[in-house]
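Visitor: sequence first, then the predicted structure:
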Amino acid sequence: MYIHKVIIRTFRLLADAELVLEDQTTLIVGRNNSGKTSLSEAIRRFLVDQNPRFQIEDFSIASYDGFCKALKAKNAGQQDDEIRALIPSIELRLLFRYNPQQPELGALSDFVIDLDPDCNEALVVARYELRDGAIQSLFADQPAGDLTDKGRLDLFQALRERVPSLFVARIWAEDPNDPTNRKQMPVSALRCLLKTGFVNAQRGLDDDTSRDTDVLAKILEGLFTAAKSPTADQGDQLIAQALQDAVRDIQKTIEGGFREELRKLIPTLRTFGYPGLDGSELETETTLDVERLLSRHTKMRYAGHHGILLPESYTGLGIRNLIFILLQIVSFYRAFRADPAAPGVHLVFIEEPEAHLHPQMQEVFIRQVSKIAQQLSAQEGAPLPWPVQFIVSTHSSHVANAAGFEAIRYFLPVSAGGVRHTNIKDLREGLSETPEDHKRFLRQYLNLTRCDLFFADKAALIEGTSERLLLPVIIEKLEEAEPNAPKLSSQYMTTMEVGGAYAHLFFGLLDFLELRTLIITDLDSVAANRAACPVHQGTATSNACLNTWFGDGDCSPAALLAKDDGSKVKKLRRIAFQRPEAEGGSCGRTFEDALMLANPAMFGIEGATPDDQAQCAWEELGKIKKSQFALKYAIDETGWAAPDYILDGLRWLAPDGIADAEAAIDRAAPVVDAPEAAVTHDG
Amino acid sequence: MTEPHLSSMPPKRRLLTMVEAMEHLIPAEQASQRALAEVYRCLERKESFLVEAGAGAGKTYTLVKALNFLMDRYQHILPHRHQKIACITFTNVAKDEIDTRTDRSPLIQCNTIHAFCWSLISGFQRPLRERLPQLQHWPERIAEVGGLGERPVEYELGYRGINDRRISIHHDDVLILTIALMDNAKFRRILTNKYPIILIDEYQDTNAGWIDSIKNHFLGQEDSPQFGFFGDHWQKIYGDGCGKIEHPSLTIVGKEANFRSVPIVVHCLNRMRPELPQFVVNPNEQGNVHVFHTNTWMGDRRTGSHWGGDLPSEAADRAFQAVLDRLDQEGWDLSHETTKILMLTHRVLAGRQGYPSIPAIFAFNQSFTNKEHPHIAYFANALEPACEAYLSRKYGEMFRALCSNVPAIRAYNDKKRWSETMDKLIELRDGGTVCDVVDHLLVVRRPRVPDAVERRERELREFDPEAGEDMPRGLKELGDLRAVPYQEIVALCRYLSGHSPFETKHGVKGAEFENVVVVVGRGWNHYNFNEMLEFATGDRRIPANKQAAFERNRNLFYVTCSRPKRRLAVLFTQQLSAAAMQTLSNWFGDDTMEAVNL
């Protein structure tokens, strides 16, 4: 049994987000502020909090209108059921899948309310909604008539207090094929079914100021508690028993000598001479328990030299981080084993496991995490396998690429009418049309090059080293020349050296990620015999990307040069390739000769006709070494002008970014309403 | 090999040996242990089984032992898998007993069959609504409200009805719907999932249709829960029970013990039922068995299908008295505490039972024997228990007995008023007539009488005898009832509630008494014990259409005869044929049989 799908509605950015989970490890990626943490937070609120509560701020902004509409409906005297239907509610829907052949449904059986033999799913809905009969109270004292701007403010001011007190969490089982067929369930039933574990990004490991740095020792205590339970593994129980016995022995020693001594310290009450106190002398009792010994008086130490043990905080943060996560996973497993009633699914969230880890370690971690779960149940001879599903959120391209993109869910914030919400993109589903060999290429490429496609605002696909080295310089130049245009330098742009032969394989992925991408490629003109030649001599192009982009039409250099800008844009992609710097001028076939032709004096390009110039550049090109050429002009000699085709492309790429960093800061600015605090901080 | 002498052993060992030795000597205990070992073996092997435990065999002991065994074995595994052991009892009383004896363990879901079935099906609202229209009594109700819509199906009320908010189903519907859902493989899987082990108490009285669906869908098949049936098909006395369960996959465990009765009684039972011989606790215990017949009566017997062959009332009373005298002479203690009189007849020995005038009032005995008359029902179910509770100063119990028809006590004065009216009621109860009591209640309305009673009283008051219409039978009966001294009602209620030397047939199952006098006669359609005894000779095949009737008669006779611990007397007021006499002599022995001297 596993959770196949999680749907969250009306919770912060997750206005209507659907997340399909892998049966083992699902990776959540996305830029900052794209709703990744909201996912675990919503599940935590419903499943862990004793009494789930949400604030008005937790409702998606898009839903606010619902409150206004409901108030309007109420003022118009509509029926209660119609008003209720308009009032927003926060919803978590969990779709479980079970194996029809699996003999035991366990905790899920109470949630199976259909008798359709073809249905192997069970849907659990948790909803934070207005209490029965509370419509009046929710909108009490709100003015009748149309809602003014002031009335709106007042309404939400009132809702801020009323939502937490008038809304309640409800759980029900819903027939996956018939939403009208549902069965109310107690919150506890869901907790029985789904156990959760959270490894937060804030692990307190790097917090040296806190008194309680021995985070790992705390975990020991948890492991002991789990080992004590009757359902724990036999070996664990023996260990727990041995610990308890040892402590009991100490206790006995204390009761012998120690207590005698203590008694002497206590003045006998008789000395007070108070009549009623005769015969009631004070005794002392010292009790020890294993839990407290572990949490208060046991420290994790690392073996050092000469018998000196190093405290926990003296090892590298990376190692501590890794040990911490692994121990957490083990303690989750032990807690699962110790649970007298086995949960159907154990959902473990791990936030940013990459913290303080170097890249190779990150990759190893994500590859191992599913195996750890299997090893744990295999090692300890468990009666039931551990039904764990990991949800790992990460900002690391190493983690993301190593996991493989089928496991990746991409959180994409989009803006509709000024209101942002998150779409969750499922790469397994989104790329299902892509041929298998293309997918293999993408997987390999992403893995080898550690590209950070999943975290970028913009992407540029380029041909080679020259572009990679010179592109930043070109951007700098462009922004200097056009200071009022949107700036690429303030955005997170990823540059991928793909080359015209493969760039088109990325189109599907780029479209799916809705990433604004510039593909900088080369004309790569070839003669009839398929040999490379200057553009004016060419009859075709060997560039697969161009051939794909412009389809089966005429892809001769002449035809390509005649293409208008409109045909160079598809969806969120734009293609850029060489063109003459001036009407009817000479045209380069690659980036390097295009750069030469754009700066003929600097590179000594001569020729009477444009064709002669092109020929000269072509010959010049044969003499240079590309990497040296790029380094020279990127660092030493930057007095050149950039080829127009690249500038055109960059001008297209710069604007219109959802996560345009400056714009984001602008939006965030009004929130900072304590300037003096900021000032003191600066000082 | 010689046993070491007891006195030479250490004390603890000596005690153990003595206990072993004693158990050795108790044949019933040995038989019981044999059965229990067999049950454990079945539980180990996860085989379904059936424990046939005759009268007095200690069936509940075996059931509780089986539950203890399972609890011990699965105490961690079951909760870990969110599973429970289901234990299905026939009555709420039995459920309470099992609950108490298993310390209300959360491992065990003990319920009556209706509660159990409802817990299984209540989650499947849509399938329930789909199947409801195919049930009897429902199409017309559904048509009336124009379809079931999305109303939830509920069972709390126990009667059929559809209103705006819900559909309320009847007890019978719960079972029929469960049986219908049993056809669905997914439902069966969920059932097996939740309850891998299902023990059923009093299997013989469990709904036949439900047991059939268990046989069809579960027994002997993979993915079936393990079933354990506990009961005795010879003690089936309820109409819709399944009786004997036969299935090749069931291991039958006979519990050949009788912890209740003395050997002389058990030997009679063993002769009645040779296929399940019982061992007694003490083979040397003395007892007494008599069979009295009235075949020497020379006068006319009654005729008709109900009463044919029985003695006239007055003669039957005399015969009964003669038997009592005879037993008294022999030294029986005939006090209420030790001797129970069980009536296998609708004959009312009304004079002796303390309500001589009541039987004559009603055209049908069921009016008062089954509490079908609303007045009798109110007296027996609410008013009398309340008065008894008031007299013993158990006021909480009193209000519980009166349940909803009670104005609440809101102030001290209310309390005073209650006390005054109840005192008055007790006074009228002792010395007044039914009329006095009812009129008092109608005036003070404390406690309030039910609407049905009030309506009848009003109808009687408003009936105008001058209008020339004949008084309806119901009103005439009520008029006559009002004239009866209320003390007769008290006696009737005691009889009905089992607090009298006389006992109704359904009250006796599971009960035991020191001495029992069984009075066998006619007066009902379903029973003719002479015919049963004729068939029991085994000389001729029982016709197929008589088989059910034969078993019904035999079972009731077996149940009543197995109640006494020490002494049994059976009086037949109906005429017995030679064949029937032969059966009696085979069962009870010639020396126990004698004619009543009339």
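Guide: Ah, there it is.
Visitor: near chain B, which residues of the stretch 551-683 of chain A are found?
Guide: Within the stretch 551-683 of chain A, no position is near chain B by C-beta under 8 Å from any C-beta of the partner chain. (Glycine included, C-beta is placed from N, CA and C.)
Visitor: strands of the stretch 551-683 of chain A, start to end?
Guide: Assignment of strands within the stretch 551-683 of chain A using DSSP state E, counting those that start in this stretch yields the ranges A:569-570, A:573-576.
Visitor: what do you get for the stretch 201-350 of chain B?
Guide: With DSSP E, counting those that start in this stretch as the criterion, the stretch 201-350 of chain B has strands spanning B:226-231, B:251-255, B:257-258, B:279-280, B:288-293, B:339-344.
Visitor: could you do the stretch 201-350 of chain A as well?
Guide: Counting by DSSP E, counting those that start in this stretch, the strands of the stretch 201-350 of chain A are A:301-303, A:309-311, A:345-351.
Visitor: OK, now which residue of chain B is nearest to chain A?
Guide: Using C-beta to the nearest C-beta, the closest approach of chain B to chain A is made by residue B:126 at 4.1 Å.
Visitor: what sits against that residue?
Guide: Neighbour list for residue B:126: A:113, A:114, A:175, A:178, A:180, A:181 [criterion: C-beta atoms under 8 Å, 6 or more residues apart in numbering or on different chains].
Visitor: what's the distance between it and residue A:180?
Guide: Look at residue B:126 and residue A:180: by C-beta to C-beta, to the nearest Å, they are 8 Å apart.
Visitor: contact partners for the closest residue in space to residue A:367 that isn't next to it in sequence?
Guide: In space, and not counting its chain neighbours, residue A:367 is closest to residue A:402: 5.9 Å by C-beta to C-beta, 6 or more residues apart in numbering or on different chains. For residue A:402, the contact set (C-beta under 8 Å, 6+ apart) comprises A:362, A:363, A:366, A:367, A:447.
Visitor: and for residue A:427?
Guide: By C-beta under 8 Å, 6+ apart, residue A:427 lies in contact with A:405, A:406, A:408, A:409, A:410, A:509, A:512.
Visitor: my read: residue A:199 touches residue A:348, true?
Guide: Yes - counting by C-beta atoms under 8 Å, residue A:199 touches residue A:348, with 7.2 Å between them.
Visitor: which positions in the stretch 151-300 of chain B make contact with chain A?
Guide: B:181, B:184, B:185, B:186, B:187, B:189, B:190, B:193, B:194, B:223.
Visitor: so the third one makes contact with residue A:116?
Guide: No - counting by C-beta under 8 Å, residue B:185 sits too far from residue A:116 to count as a contact (10.7 Å).
Visitor: shaky segments in the chain?
Guide: The chain I'm using is chain A. A:103, A:202-217, A:262, A:265-284, A:300, A:310-315, A:379-383, A:656-683 (pLDDT under 70).
Visitor: not quite, go with chain B.
Guide: B:1-24, B:157-158, B:238, B:346-352, B:404-408, B:498-510.
Visitor: what does chain B have sitting close to chain A?
Guide: So chain B meets chain A at B:76-77, B:79-83, B:123-127, B:150, B:181, B:184-187, B:189-190, B:193-194, B:223 (C-beta under 8 Å from any C-beta).
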